[in-house]
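> Below is the sequence, then the predicted model.
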Amino acid sequence: MSDVTVPADPPFSDESAGVHRPFIQNAGTRRTLHFTQKEIQSSMSVLNPDALEIEYTRMMMGFVLFKPEPAHILMVGLGGGSLPKFCHRYLMGAEISVVEIDPAVIALREAFMVPRDSARFRVIQADAADHLRGLSEHADVIFLDGFGVGGIPGALCSADFYADCHRALRDDGILVINFHVNHPKHHEYLDRVRASFGSSMFEVVDDDMTNSIVFACKGRLLDDPAAAELKRPASIPKDAWRQLMPTLRVIGATLELR
């Protein structure tokens, strides 16, 4: 267990005043990140801090079926650091950059055992819309998991932003987006992604019909029929593959129906 100082309950948010600051709650060996009492933004077992506790995070890792050895992964949204930690531990050849706008979220990184900045891992405090606007052929994989109270900020789901993501990807790069299925503009958001990526995209929905994970490729990599065979790439350690395999089966079935 980590020996870092963890903020005590009750939380820092004053929901009645419309003020929402990230806060931590602890229950046994589970540590969760919240912006409000009603929603969990991230969940971690302090006994296994690098594991992916929430299904949608395992779904987002489905990109390894197409791009198992990315050189650079760019992530939008730090949260509790579940995906950054998993990629840092298991994708040893990847450089990982995480863009997070909220310094209060970054301030909790030690409590969630997020790695310190290093030659292959760094957290950047910035507005992701501004950050990606200046990038070209920069990353092999881009994760979009930037949520605040009320959902995805408007600047991170605009047609212009998805065009910036397309430009920031290298050839055969993959954009992976976490959406809420029941958002009233969900289909409009998909159309905006399609405007930049064309037909080289597909959607997978989790079991409880809450999260929609969209994979969009700059190229035709998603059309590779070998991805649906679910064979472990040599670059993916066996223990990581065991964590991901049940969810990857769902992705494989979705690919077969395309």
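On my side now, so go ahead. Since we're looking at a predicted model, the values are computed, not measured.
> CA atoms for contacts and neighbours, from now on please.
Will do.
> got any ranges where the protein has weak pLDDT?
1-19, 148-150 (pLDDT under 70).
> Break down it into its strands, ranges please.
23-27, 30-36, 39-45, 72-76, 95-100, 121-125, 139-144, 169-180, 201-205, 211-217 (DSSP state E).
> Just list what the third one packs against, helices and strands only.
Applying 3 or more CA pairs under 8 Å, 6 or more residues apart in numbering; DSSP states H and E, one finds that strand 39-45 makes contact with strand 30-36, helix 82-90.
> need these in a markdown table with mean neighbour count and distance to Ser199, can you?
As requested, the helices and strands packed on strand 39-45 are exported to a markdown table (neighbours: other CA atoms under 10 Å; distance: least, CA to CA, whole Å):
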| stretch | mean neighbour count | distance to Ser199 |
| --- | --- | --- |
| strand 30-36 | 20 | 35 |
| helix 82-90 | 20 | 26 |
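> Dump those to CSV, plus distance to Asn48.
Below are these laid out as CSV (distance: least, CA to CA, whole Å):
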stretch, distance to Asn48
strand 30-36, 10
helix 82-90, 11
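> For Pro22, which of the ones you listed is the nearest?
strand 30-36 (4.7 Å; CA to CA).
> Restricting to C-alpha, output that closest one in CSV.
Output in CSV follows, covering the C-alpha atoms of strand 30-36 (Å, rounded to 0.1, in the frame of the first residue of the first chain):
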residue,chain,number,x,y,z
ARG,A,30,-10.6,0.5,-3.1
ARG,A,31,-9.8,4.2,-3.9
THR,A,32,-12.1,6.2,-6.1
LEU,A,33,-11.9,9.6,-7.7
HIS,A,34,-15.0,11.8,-7.9
PHE,A,35,-16.1,15.2,-9.1
THR,A,36,-19.5,14.6,-7.5
